[in-house]
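Engineer: Kindly return the folded structure for what I paste below:
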Amino acid sequence: MHNPITPLSLPQDGIRCVLFDMDGVLFDSMPNHAIAWTRAVQQYGLSISREEVFLNEGRTGSGTINALTQRTWGRQATEEEVQNIYRTKSEIFNACPTAPPMPGAAEVLTKITRLQLLPLIVTGSGQQSLLDRLNKHYPGMFKRELMVTAFDVKLGKPHPEPYLMGLVKAGAVLNSDGSPLHPSQAVVVENAPLGVQAAKAAGIYTIAVNTGELTDKALLDAGADIVFPSMQALADAL
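Structural biologist: As a prediction, this is how the structure comes out:
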């Protein structure tokens, strides 16, 4: 694991944006997601462990549901089943105590904006409650047109589509011709193995922050270039 006292050196000059996952990176929301998923799917005759929720973080809701129905029922979920299960999950999630901002995240965002780097959100979440809270806790940092959410992609993490779309949206703002950023012009901050896999598949340097219940090895095995124990450790190293 990277020593947080040592300053972080980014891999090359020319970095123009930082793509942030949201759950477990900007908000300490994964414990609530674990509660919501385990309780919701049980109501429909499915099961998922707390560890699986952390391992599956980054998938779209439909992707997670289909993985469970394939395992249990040997088939894809119907659209009605996906909607019903995800609605139940969202109701349970929204009834949980409000997830606080991740310690150190505001400092990371402040430092990268001082470096004139553009922050973007790339999340598998479709929880409107969390998306709404970005402006409250990180005012002025994120614009809706610079967010990639579950509503924007067909293929969720670990497929590279979410991060490739992030490069497209960043390029539309930063490049005079609107062309996508090159992967070498971006850095990803992730906390989940599937998210790390997606970022690396898109060719982007990936910083992992181990803010959850997984081992550093799980993040390194997924391809993380470097692992920090927390967002505060990353902030201290920037």
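Engineer: Residue 117 is in contact with residue 14, isn't it?
Structural biologist: No - judged on Cβ atoms under 8 Å, residue 117 makes no contact with residue 14 at a distance of 11.0 Å. In this view, the C-beta of every residue, glycine as well, is placed from N, C-alpha and C.
Engineer: These two: who's more crowded?
Structural biologist: In terms of neighbours (other Cβ atoms under 10 Å), residue 117 is the more surrounded of residue 117 and residue 14; the figures are 18 against 11.
Engineer: Could you find the closest non-adjacent residue to the more buried one?
Structural biologist: Among residues not flanking residue 117 along the chain, residue 18 sits closest, at 5.3 Å (Cβ to Cβ, 6 or more residues apart in numbering).
Engineer: Check which helices and strands the helix or strand containing the one you found is in contact with.
Structural biologist: Using DSSP states H and E, residue 18 sits in strand 17-20. On a contact count with 3 or more Cβ pairs under 8 Å, 6 or more residues apart in numbering; DSSP states H and E, strand 17-20 meets strand 118-122, helix 161-174, strand 186-190.
Engineer: Next, format those as CSV and append mean pLDDT.
Structural biologist: What follows is the helices and strands packed on strand 17-20, written out as CSV (pLDDT from 0 to 100):
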stretch, mean pLDDT
strand 118-122, 94
helix 161-174, 95
strand 186-190, 97
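Engineer: just checking, which of these sits deepest inside the structure?
Structural biologist: Highest mean neighbour count of those: strand 186-190, a mean of 27 (counted as mean count of other Cβ atoms under 10 Å).
Engineer: Next SSE downstream of it?
Structural biologist: Counting by DSSP H and E, what follows strand 186-190 is helix 193-201.
Engineer: At which residues are the strands of this protein located?
Structural biologist: For the chain, applying DSSP state E gives strands covering 17-20, 118-122, 147-148, 186-190, 205-209, 226-228.
Engineer: could you dump those strands to TSV with distance to residue 32?
Structural biologist: Converted to TSV, the strands of the chain look like this (distance: least, Cβ to Cβ, whole Å):
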stretch	distance to residue 32
strand 17-20	19
strand 118-122	18
strand 147-148	20
strand 186-190	19
strand 205-209	18
strand 226-228	23
